[in-house]
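Engineer: Structure, please.
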Amino acid sequence: MITGATGFVGRAILIKLLEINYQVYVLVRKDSKIERIKELFPVCKFIYYETLLDTELQDALQGAHHAEFFFHVAWRGVSNLERDQFDHTTYNITLATDSIILASKLKCNKWIGIGSQAEYGIPNTTAYEDTTPLAPISVYGKAKLATYRSASELCQMFEMPMLWCRVFSLYGSNDNENNFIPYIINSCLEGNSPALTKCEQIWDYLHVKDGANAIVQPNITNASGIYNIGSGKQYALET
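Structural biologist: Take a look at the predicted model:
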């Protein structure tokens, strides 16, 4: 099972799951932009929903009463222009907890959620899962951390293993055009000079295909807990 497959990270995860021959049920909102993954229609089972707990969706999933993994990737307000909007927070936390309830009903072996480096705030040094303080400063980071804490409690209650992947800076095809790398490329292609700060921020960049592989592989090895998903190398943007 996967939600959020029409998004940048979700699409890469879906493709990786298909590459290793999983049968995938793709849960999509009725207003999703499914043209982003239309080439995958023949090899996936697409199921539309209003909410993850509506009766119509659960009826449609009767043939999948024992899904191995539930990848919850869906998230509203991912672009840089939306990350400090409070109005997405309640929706995102509710969607995540609903996905865990659904995963439990489907007797899934594990629930996998997508977190963010933003949960650490701006440490400006290597972030470690077990020692780096959680100090989000953005609404987006705080919402991700609140989702993790709610999801952790719920998975524990259902006795369902959980994997929380804190994703650092992924790049690649189909990335949001307002993100740093696409913005630089598009500005240059259009003959414009990008409007930039001093670019002293420290970032860890990883191609989205490698990120998807890192997210999927721990499930094969039965890993659980928190994993940072990045290259492990940090550079100032100016470099």
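
Engineer: Kindly export the helix ranked longest in the chain (C-alpha atoms) in PDB.
Structural biologist: Scanning the chain for the helix with the most residues, using DSSP state H, yields helix 139-157. Taking C-alpha atoms only, helix 139-157 is exported to PDB below (Å, rounded to 0.1, in the frame of the first residue of the first chain):
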ATOM      1  CA  VAL A 139       5.600  24.900  10.800                       C
ATOM      2  CA  TYR A 140       6.500  22.100   8.400                       C
ATOM      3  CA  GLY A 141       9.100  20.700  10.800                       C
ATOM      4  CA  LYS A 142       6.900  20.900  13.800                       C
ATOM      5  CA  ALA A 143       4.000  19.200  12.000                       C
ATOM      6  CA  LYS A 144       6.300  16.400  10.900                       C
ATOM      7  CA  LEU A 145       7.500  15.900  14.400                       C
ATOM      8  CA  ALA A 146       4.000  16.000  15.800                       C
ATOM      9  CA  THR A 147       3.000  13.400  13.200                       C
ATOM     10  CA  TYR A 148       5.900  11.200  14.200                       C
ATOM     11  CA  ARG A 149       5.000  11.300  17.900                       C
ATOM     12  CA  SER A 150       1.300  10.600  17.200                       C
ATOM     13  CA  ALA A 151       2.200   7.800  14.800                       C
ATOM     14  CA  SER A 152       4.700   6.200  17.200                       C
ATOM     15  CA  GLU A 153       2.000   6.000  20.000                       C
ATOM     16  CA  LEU A 154      -0.600   4.600  17.600                       C
ATOM     17  CA  CYS A 155       1.700   2.000  16.100                       C
ATOM     18  CA  GLN A 156       2.700   0.900  19.600                       C
ATOM     19  CA  MET A 157      -0.900   0.600  20.600                       C
END
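
Engineer: What distance do you get for A212 to L170?
Structural biologist: Counting by Cβ to Cβ, to the nearest Å, the separation of A212 from L170 is 9 Å. All C-beta atoms are positioned from the backbone trio N, CA, C, and that covers glycine.

Engineer: between those two, what contacts are shared?
Structural biologist: Residues within reach of A212 and of L170 at once, by Cβ atoms under 8 Å, 6 or more residues apart in numbering, are V9, A12.

Engineer: Which of the residues in the longest helix of the chain are classified as buried?
Structural biologist: Under the neighbour-count criterion of 16 or more other Cβ atoms under 10 Å, helix 139-157 has 139-148, 151-152, 154-155 buried.

Engineer: Mind checking what helix or strand follows the helix or strand hosting L17 in sequence?
Structural biologist: Per DSSP states H and E: L17 is located in helix 8-19. Scanning forward in sequence from helix 8-19 by DSSP H and E, the next helix or strand is strand 25-29.

Engineer: So which elements touch that following strand?
Structural biologist: Contact here means 3 or more Cβ pairs under 8 Å, 6 or more residues apart in numbering; DSSP states H and E; on that basis strand 25-29 packs against strand 2-3, strand 45-49.
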